[in-house]
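> Fold the following for me, if possible:
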Amino acid sequence: MVKKKKIGSLIVLSGPSGAGKGTICNKLLEDDDSLNLSISMTTRAPRGVEVDGKDYYFVSRDEFEKRINDGEFLEYAKVHGDNYYGTPKDKVLEYLNNGEDIILEIDIQGALKVKDVMPEGIFIFIMPPSMRELRDRLVKRNTETKDKIIERFKNAYKEINEVTKYNYIVINDEVSSAVEKVKAIILAEKCRVDRIEDFELNNEEELLHELLVDMR
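Below is the predicted model of the structure:
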C-alpha cells in the first residue's frame, strides 16, 4: 500500500492586479473546506467590521519590526511608505506540519520572496487573457483614479515578465474554468512521486519478494 507524506501543500496564487487571483482564491476556499487561507499580519488599524485573526493579524509597528528582526516572516513589505504587511511563517508551517494544505494569495514580489524560502511550494501565476482585458477589468472596478489605474496597468505589464519563475500559469479568461485548472494542478501535485513515503515502497518490495518465493 502506497502511503503519501503527511506534510501539507503550500499553494501560492499570484499575478498582476486585476488578473482575478482573489476571486479564484475565494472560489477555491468555498469549494474545498480542507483548504486553509494564510492570514497576513499588518500594522494598519482595522477597517469597518474587520476581525483580528480572521481578516488580518493586527499588531503594533514595534511588534511587527521585532518579528522582522526575529525572522518570523516568509515575506513582508512596507506599503505606501507607512504600514507593514507580512506573512507569518509559524502559521503557515503549523498547517503544513499538520498535513493540511494552505493557500497564499499574494502579489508577485511577495510570492517570489516566499519561493526563496520555500521553493517546494506550488507557485501558480494567474494571467489575464489579454492586456486589453486587464485594462478593462481595472476600469470596471471603479475604485481608483485614472492615474492609479494607469500605474497599475504599467506595473502589470512589467510583472508578467516574472511568469517564468513560477511552476504553472493559468489564464483567467473565465473564472470557473480557471478554478478547475488550479484544482487540477493541486491534485496533480499530490500525486508526485516525491510525496510518497519511501518506507512504504520498501515494504511493497519486500512483499513482492515473499510472493515470488511462495510461487516457486
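> Check the burial of the closest residue to I68 other than its chain neighbours by counting its neighbours.
Computed as Cβ to Cβ, 6 or more residues apart in numbering, the closest residue to I68 that is not its neighbour in sequence is Y76, at 6.3 Å. For every residue, glycine as well, the C-beta is placed using N, CA and C. Y76 has 21 neighbours, counted by other Cβ atoms under 10 Å.
> Let me know the secondary structure of Y76.
Look at Y76: counting by DSSP: H, G, I helix; E, B strand; the rest coil, its state is strand.
> quick one: it and S17, what's the gap?
19 Å (Cβ to Cβ, to the nearest Å).
> Next, the contact list for C25, please.
Going by Cβ atoms under 8 Å, 6 or more residues apart in numbering, C25 touches L13, L37, I103, E105.
> For the third one, list each beta-bridge partner.
For I103, the beta-bridge partners are I11, L37 (DSSP bridges).
> thinking again about what came up before, taking the contacts of C25 together, which two end up most distant?
Largest separation among these by Cβ to Cβ: L13 and L37, giving 10.5 Å.
> Doesn't E180 belong to a strand?
No: under three-state DSSP, E180 falls outside any strand and is assigned helix.
> What confidence value was assigned to it?
For E180, the model assigns a pLDDT of 97.
> Name the helix or strand for I124, please.
strand 122-127 (DSSP states H and E).
> Tell me the strands beside that strand, with direction?
Assessed with DSSP bridges, strand 122-127 is paired to strand 10-14 (parallel), strand 168-171 (parallel).
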